[in-house]
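[1] After the sequence you'll find the predicted model.
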Amino acid sequence: MIPTQTLARFIHAQEKQVPQSTGELSDLLTSIALGVKIIARLVQTAGFKGLQGYTGRVNVQGEKTHLLDEEADQVLMELLGSSGHFGLLVSEERDSVVAAKEGRRDAKYVVAFDPLDGSSNIGTNIPVGTIFTIFRKVDPDKEAQHDDFLQKGRSIVAAGYSIYGAKVSFVYSCGAGVHGFTLDPDVGEFVLTEEKIVIPDKGKIYSVNEGYYPIWDEPTIKFIESIKKEDEERGTPYSGRYVGSLVSDFDRTIRKGGIFLHPANKKRERGKLRLLYECMPLAFIAEQAGGRAVDGTCDILDIKPQNIHERCPFIAGGKYEIDWFMRVMAETRG
Ligand code: AHM
Ligand code: MG
């Protein structure tokens, strides 16, 4: 079959619907897609290219970095930094913001990314991925500032993720629905496979790391116990699924419905996942797909980050499950 609906064509068709568009966002998205193709090859060949294992360094999050984390970070830094359209970049792997090599003053956008999400699964055949968020600079006449990243998720211009799994996929939204593409390895192009992904209002799956059960707070325990209880009217018990790669657990959730939780616990009061480049982009996608994402008290997109590496509890899924979760939170907290 001839791949007529490629990602590049789709992005340009969407751009044409915005009369004042300059094409910069389209260029950015195609640069990210190119980065994703390069990272996909790195992931697939890491085992025999000496790219499996640790670097011996620790990142700003205090986590041991894998060789692949650093390679993926390098690919995106190079490709985006030289695109001329990004003012500043933030990566999970870098302590502070990084200025783009080219076009810093005129660049309209800033971008934050997690170059290789799910790194604890590297070395196994479990999918890992890349997550990105794009914001417009707050003041178009000034050079990009650190504070351009401290905008609420409601201001996101585009966000998305890729998954390096049995297939390589690219899912993104510019605020007009969520669209899914699959890499056709024969031609090296992403091809549209799912236009307008919509999360089912009610699902049958819950997804959480139950190893943290003893350190969860009371509302989380109460919610998980109720979702596992037999109740015909509510359709419980739900089935449990947990990959441990956010991109995979999230992707399954928006396609099949249900709920994914990486909640706060007694050891991590603000959870584990990073607000700017993990929670906010996926919350944007969840809402664009008709679902919801919350931190237990409010919608993720209404939180204003205080710093670029801030963490946040993340609970995403269909409206039915998230409303239910929020009701349990409110009732239990009183
Ligand atoms: P990473 O970005 O360093 O890979 O960490 C984030 C990952 C997510 O992909 C995943 O949802 C989570 O950590 C799993 O955490 P845990 O092993 O605590 O359940
Ligand atoms: Mg991550």
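    Yep, that arrived. Ligands and ions are numbered 1, 2, ... in the order given.
[2] Spell out the residue ranges of the strands in the stretch 151-300 of the chain.
    Under the criterion DSSP state E, counting those that start in this stretch, strands of the stretch 151-300 of the chain are mapped to 156-164, 168-173, 179-184, 189-194, 205-207, 239-240, 259-262, 292-294.
[3] Please export the C-alpha coordinates of the lowest-mean-pLDDT helix or strand in the chain as PDB.
    Ranked by mean pLDDT, DSSP states H and E, the helix or strand of the chain with the weakest confidence is strand 86-91, at a mean of 80. The C-alpha trace of strand 86-91 is given here as PDB (Å, rounded to 0.1, in the frame of the first residue of the first chain):
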ATOM      1  CA  PHE A  86      13.300  26.900  19.700                       C
ATOM      2  CA  GLY A  87      14.500  29.500  22.100                       C
ATOM      3  CA  LEU A  88      15.200  27.300  25.000                       C
ATOM      4  CA  LEU A  89      15.100  23.600  25.800                       C
ATOM      5  CA  VAL A  90      14.500  21.600  28.900                       C
ATOM      6  CA  SER A  91      15.400  18.000  29.200                       C
END
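[4] neighbouring strands for it, and are they parallel or not?
    Within its sheet, and counting by DSSP bridges, strand 86-91 is paired with strand 98-99 (antiparallel), strand 109-117 (parallel).
[5] Just put the strands of the stretch 151-300 of the chain in TSV and tack on mean neighbour count.
    Any C-beta I mention is one placed from the backbone N, CA and C, and that applies to glycine too. TSV is the format used below for these (neighbours: other Cβ atoms under 10 Å):
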stretch	mean neighbour count
strand 156-164	25
strand 168-173	24
strand 179-184	21
strand 189-194	18
strand 205-207	23
strand 239-240	13
strand 259-262	26
strand 292-294	25
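[6] Can you redo those strands as JSON lines, where the extra columns are distance to residue 18 and mean pLDDT?
    Conversion of the strands of the stretch 151-300 of the chain to JSON lines gives the following (distance: least, Cβ to Cβ, whole Å; pLDDT from 0 to 100):
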{"stretch": "strand 156-164", "distance to residue 18": "11", "mean pLDDT": "97"}
{"stretch": "strand 168-173", "distance to residue 18": "14", "mean pLDDT": "98"}
{"stretch": "strand 179-184", "distance to residue 18": "16", "mean pLDDT": "98"}
{"stretch": "strand 189-194", "distance to residue 18": "19", "mean pLDDT": "97"}
{"stretch": "strand 205-207", "distance to residue 18": "35", "mean pLDDT": "98"}
{"stretch": "strand 239-240", "distance to residue 18": "41", "mean pLDDT": "98"}
{"stretch": "strand 259-262", "distance to residue 18": "32", "mean pLDDT": "98"}
{"stretch": "strand 292-294", "distance to residue 18": "25", "mean pLDDT": "98"}
